[in-house]
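Enquirer: structure for this input, please:
(one chain, ligands or ions: 1)
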Amino acid sequence: MNAREVLEFYILSGVDETCGGEVLALSGGALPHFSEAQKNETRFAARPATSSLALSSAAAVKSADDVCRNVRTMDELRQVVESFEGCSLKYNAKKTVIGDGNPAAKVMLVGEAPGAEEDLAGKAFVGRSGHLLDKMLAAVGLDRNSCYICNILPWRPPGNRSPSDAEIAVCLPFLKKQIEIVKPDYIFALGAVAVNSLLGNSESISRLRGKWQEYESSDGRKIRVLAGYHPAYLLRTPAQKAKAWADFLRLKKALCENNQQFNALLQ
Ligand code: URA
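Expert: So this is what the prediction gives:
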């Protein structure tokens, strides 16, 4: 096959996106112009290129913890994440997406990972899910000035695939550091990946949503966590919007009660 035919074959097979300019790992089989020996050589030659970029899982988690240890501000965190070499997702992503909104907000929303539009813009929740999220926030009187919005992962997984446990583990120190810097009173975890990663459980989002739980931040602060459906799920399943609305009202109620307590303290 010539290059054009290969491309046409990919397009017909449903491949609509490239994940980088270099071959990182090759599946067996479809290498028509290579001898068996060359195929093996190519497979084994390609692998180390990935693993030299992404450290082994445990070493990568330790490295992420280490680089975050002395970080005090969001700018420092951005620099640290942008120069981090322990997660291969970074090498397929166009931009590193940290957080958006007010880093001094009482409410922090945590999603899963940047999508295609966020990857291009370098900003969390700016695509279709983000538009829906903005509308739901507005419905309870919130916006990006009164919330901080971020993700479990700062890099888009290729083709929007689900992140692996190892990728989540490596990126979790970056999220924990954001929580430490923002010091929110409330975290709204959007979807199963967000709530499971944050609370270290594996229960389904349909069981967890609408319930308040607790997260203890690295500095010992106890933060109330509410789980809710991810906006992307709501776009696919609009019948669940009523439950999402109820969850946003729960968040609003907690914020109002918090404000009342705060005002009472001032009187
Ligand atoms: N989905 C997410 O979880 N986060 C984004 O930033 C965009 C889509």
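
Enquirer: can the longest strand belonging to the chain be found next to the ligand?
Expert: With secondary structure taken from DSSP state E, the chain has its longest strand at strand 222-228. No: contact of strand 222-228 with the ligand (C-beta under 6 Å from any ligand atom) is absent, the minimum separation being 12.2 Å. C-beta here means a position set from N, CA and C on the backbone, and glycine is covered the same way.

Enquirer: tell me which other helices or strands that strand touches.
Expert: If you count contacts as 3 or more C-beta pairs under 8 Å, 6 or more residues apart in numbering; DSSP states H and E, strand 222-228 packs onto strand 186-190, helix 192-199, strand 212-216, helix 241-266.

Enquirer: report the angle between that strand and helix 192-199.
Expert: Counting by axes from the mean of the first three to the mean of the last three C-alpha atoms, to 10 degrees, strand 222-228 lies at 160 degrees to helix 192-199.

Enquirer: what are the contacting residues of strand 222-228?
Expert: 179, 184-191, 194-195, 198-199, 205, 208-217, 244, 247-248, 250-251, 254 (C-beta atoms under 8 Å, 6 or more residues apart in numbering).

Enquirer: and residue 156, that's in a helix?
Expert: No: secondary structure of residue 156 (DSSP: H, G, I helix; E, B strand; the rest coil): coil, not part of a helix.

Enquirer: next, the buried residues of the longest strand of the chain.
Expert: For strand 222-228, a neighbour-count test (16 or more other C-beta atoms under 10 Å) marks 223, 224, 225, 226, 227, 228 as buried.

Enquirer: and residue 189, how far is that from residue 142?
Expert: Remark: distance between residue 189 and residue 142 (C-beta to C-beta, to the nearest Å) = 16 Å.

Enquirer: what's the closest non-adjacent residue to the residue in the stretch 151-267 of the chain positioned nearest to the ligand?
Expert: Across the stretch 151-267 of the chain, no residue is closer to the ligand than residue 151, which sits at 4.8 Å (C-beta to the nearest ligand atom). Counting by C-beta to C-beta, 6 or more residues apart in numbering, residue 151 lies nearest to residue 111, which is 4.7 Å off, once chain neighbours are set aside.
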